[in-house]
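Engineer: Here's a sequence, model it:
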Amino acid sequence: MVAKLLVITAMMFCFGYALVPIYKAICTALGVNVLSLSDPDVMGRSGSSGVNTQVDFSRKITVEFDANARGIWKFKPAVSSIEVHPGELTTVMYEFTNTQDRTMAAQAIPSYAPMQAMAHFNKLQCFCFNEYTMKAGESKQWPVVFVIDSKLPKDVNTITLSYTFFEVGGKVPMAPQASVASGSKALRS
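Structural biologist: Numbering: from 1, shown residues only. Now for the predicted structure:
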């Protein structure tokens, strides 16, 4: 009985060590979890050890950038449009200048056209994720880092990404309105 238990224990121990190569072989054969494997043989077999295989080089999407400011400030994209391949990591800069004579708090809200593109436009970094406080005359540049999913419908060739920058009320005191106060005094006289 002891000999049988020792044999079973040894077989279980050997099976535990064999699981790693079995797992790698199954993942390689099915194409699952290949990116996390650091084995050079696995990467060598795919033939693309340094290339992003998720980029669809067979098509290009034109991405147009738009900026709307709801207030007295300057807000614009650094480029008006670019062409990207689905799956390609892309960075675009937006420029903002507070032209007011006071500190303000603001945040951008994105919108997409056509609407079906929204589900396939993946932003990894965006200034629209945060609210910003800008001093009078201060200028900033912010990146938008995005990837367009390769599952974007084939009939969509152009996507427009539009941001509207709104001032967030109640965060920063409003500037004194001397012109309004003097105007009301003139009306009373």
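Engineer: Excluding residues flanking it in the chain, which one is nearest Val84?
Structural biologist: Counting by CB to CB, 6 or more residues apart in numbering, Val84 lies nearest to Thr90, which is 5.0 Å off, once chain neighbours are set aside. All C-beta spots, glycine's among them, are computed from the backbone N, C-alpha and C.
Engineer: Could you pull up phi and psi at that neighbour?
Structural biologist: Backbone geometry at Thr90, expressed as degrees, to the nearest 10, gives phi -130, psi 140.
Engineer: Trp142 now?
Structural biologist: Note on Trp142: its backbone torsions stand at phi -130, psi 140 [degrees, to the nearest 10].
Engineer: and it, how many neighbours?
Structural biologist: Trp142 has 17 neighbours, counted by other CB atoms under 10 Å.
Engineer: Ok, the one 5 residues further on next?
Structural biologist: Neighbour count of Val147, defined by other CB under 10 Å: 19.
Engineer: residues in contact with the nearest residue to it once chain neighbours are set aside?
Structural biologist: Distance criterion CB to CB, 6+ apart; nearest residue to Val147, sequence neighbours excluded, is Asn122 at 5.0 Å. Asn122 sits next to Phe146, Val147, Ile148, Asp149 when contact means CB atoms under 8 Å, 6 or more residues apart in numbering.
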